[in-house]
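Engineer: one predicted model, sequence on top.
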Amino acid sequence: MNNHFENLPYRADELSAYVFSIDTFVIGLKNGKVVRYVAEDPEAFIAWLSEKGVRNINDEVGSMVYDHYFP
């Protein structure tokens, strides 16, 4: 089982959730830290995150921003 993705210094079981925009992933770790990561192949990284059960919170974050500015 592949618990590491290329050049990402964290194991899959350390990751909690992520947001992706343009070319950068913002990843929340289970220890509360937030890190940025730029993958050479974003589609492959998204597939890996999904396979590992890491939550994609793009829609949640987008609706929070929208609700804040357009109540």
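Structural biologist: Thanks, I have the structure now. As the structure is a prediction and not an experimental result, all values here were calculated from the model. Numbering: from 1, shown residues only.
Engineer: where does this structure dip in pLDDT?
Structural biologist: When residues are selected by pLDDT under 70, those of the chain lie in 1, 65-66, 68-71.
Engineer: report the central residue of it.
Structural biologist: Here the mean C-alpha position of the chain is nearest to the C-alpha of residue 18 (CA atoms, centre = their mean), at a distance of 2.2 Å.
Engineer: could you verify my assumption that that residue touches residue 27?
Structural biologist: Yes. Assessed by CB atoms under 8 Å, residue 18 is found in contact with residue 27 at 4.6 Å. The way it works is simple: take the backbone N, C-alpha and C, and place the C-beta from them, glycine included.
Engineer: common neighbours of those two, please.
Structural biologist: Taking CB atoms under 8 Å, 6 or more residues apart in numbering as the contact rule, the neighbours common to residue 18 and residue 27 are residue 54.
Engineer: now residue 43, what's its secondary structure?
Structural biologist: Secondary structure state of residue 43, per DSSP: H, G, I helix; E, B strand; the rest coil, is helix.
Engineer: just residue 40 next, same as before
Structural biologist: Following three-state DSSP, we place residue 40 in the coil state.
Engineer: and for the closest residue to it other than its chain neighbours, the neighbour number?
Structural biologist: Leaving aside its sequence neighbours, residue 40 sits nearest to residue 6 (CB to CB, 6 or more residues apart in numbering; 7.3 Å). Other residues near residue 6 number 11, with proximity taken as other CB atoms under 10 Å.
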